[in-house]
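A.B. asks: can you look at this prediction? I've put the sequence above it.
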Amino acid sequence: MKLSVLINNYNYARYLRACIDSVLSQNHLGAEIIVVDDGSTDESRSVIASYGDAVTPVLKPNGGQASSFNAGFAASTGDVLMMLDADDFFLPGKLARIADIYAQRQVGWCFDRVTNDDGGAVPDDIAITPIDKRETMRAGGFPTLPVPTSGLTFHRSILSQILPMPLADDVVLSDNYLKFAAAYLAPGVLVETPLTFQRLHENNRYTNTDRAKSLKPQIMMATGLHLARRFDGLGRMGKSLVTGGIADAHLGITDTLAEIDRVAREARGMGWTRQNLTTQVIRKRITGAARSLLGR
C-alpha cells in the first residue's frame, strides 16, 4: 500500500521545514510527499527546493486551499492520501498507524484527532471509533467529525469521487467539503488518539482567528450548496447547511433576502425555492435565538 502525503502551503516558510521533516522522519518508508505551494510570496519555494528529489513540488499561482487540494491529488499516485497543512506536522509513527488501519479495515476514510502539544508522541495503543453516517446524511443529518485538514486521510477510491472540488477564495471551501463528502460515500473511522500536531499561531488562516466567526457562515453556505450540487443524496443536508449559514450571518432583512435570492438562482433545478429557503432560514433564526435565551 502506497501512501501519499499532500502538503498544502501558502506563506508558511517558517513552519514548512518542520512539516516536511515530520514526514521524512517517519518509520514507514516509501511515502510520496507532494508539496503544493499556492503562490507564496515568502521563502517557501526556496525551502521546498532545498529538499531536491525527496519531495514532489507543485508550484502554482494563488487560488485558495481547494485549488491546492485539487493540484496535490492530481500529482499523487498513492493508494491512501494524507492531507497536511504546512504549519502543522505529523507525530512520529503516524504513517505506520494509518497504513495498518487501512490494511486491517474496510474503510474509505480515516480521520485522527489533533493535539496542540508539540512534544506529543503516539502511544502503543490507540482508540478507534468506527463511523457510518451514510443514512443519517441522506436524511439531512450532519456527521460530527471534529478534525481539521491535517488529520484527514482518504482511500484513493473515495477521494477520486470528491476531487477535483469546486474552487473558492482562501479557505471558504476546504476540509468540511472533504469530510462530509467522504462520510456520505463510505464508512470510516475516527482515531480518538491524536496523531497530528496542529500549530496555533498569529498567522492561522482560520483556526483560532478573529475572522473565523465571520467566515463560518460563508463556509456553511458554499459547502452546503456545492455538496448538494455534486451528490444527489445530499440535497437535504446541503440545504440545511446553506440556510443555517444565512441565519448565522445575522444580516439585515434586505441583505438576507438578497442572499436567499442568490442561492435560489444558483440552486435552480434542485427544488430550492425562495419560499422554502426563507421558511427554513426563519426557523433556524428562531431556534438560534431560543438557544441563546436559554444559555445553550
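C.D. replies: Arrived safely, thanks for sending.
A.B. asks: what about the closest residue to Gln198 other than its chain neighbours, which SS state?
C.D. replies: Ranked by Cβ to Cβ, 6 or more residues apart in numbering and with sequence neighbours excluded, the top spatial neighbour of Gln198 is Val114, at 4.0 Å. No exception for glycine: its C-beta is placed from N, CA and C like everyone else's. Look at Val114: counting by DSSP: H, G, I helix; E, B strand; the rest coil, its state is strand.
A.B. asks: I figured Val114 hits Pro146, correct?
C.D. replies: No: using Cβ atoms under 8 Å, Val114 is not in contact with Pro146; the gap is 9.4 Å.
A.B. asks: between these two, which one's more packed in?
C.D. replies: Val114 (22 against 10; other Cβ atoms under 10 Å).
A.B. asks: what's opposite that one in the beta bridge?
C.D. replies: On the basis of DSSP bridges, Val114 is bridged to Thr196.
A.B. asks: show me where the protein has helices.
C.D. replies: Under the criterion DSSP state H, the chain contains helices at 13-24, 44-49, 65-75, 94-104, 134-138, 156-159, 175-185, 212-230, 235-248, 253-266, 274-293.
A.B. asks: mind checking which of those is nearest Thr193?
C.D. replies: helix 94-104 (8.7 Å; Cβ to Cβ).
A.B. asks: tell me which residues of that closest one are tucked away?
C.D. replies: Neighbour-count burial for helix 94-104, counted by 16 or more other Cβ atoms under 10 Å, picks out Lys94, Leu95, Arg97, Ile98, Ala99, Ile101, Tyr102.
A.B. asks: was I right about the fourth one contacting Thr153?
C.D. replies: Read it as Ile98. Yes: using Cβ under 8 Å, Ile98 is in contact with Thr153, at 5.5 Å.
A.B. asks: what sits in contact with each of the two?
C.D. replies: Common contacts of Ile98 and Thr153 (Cβ atoms under 8 Å, 6 or more residues apart in numbering): Val80, Met82, Cys110, Asp112.
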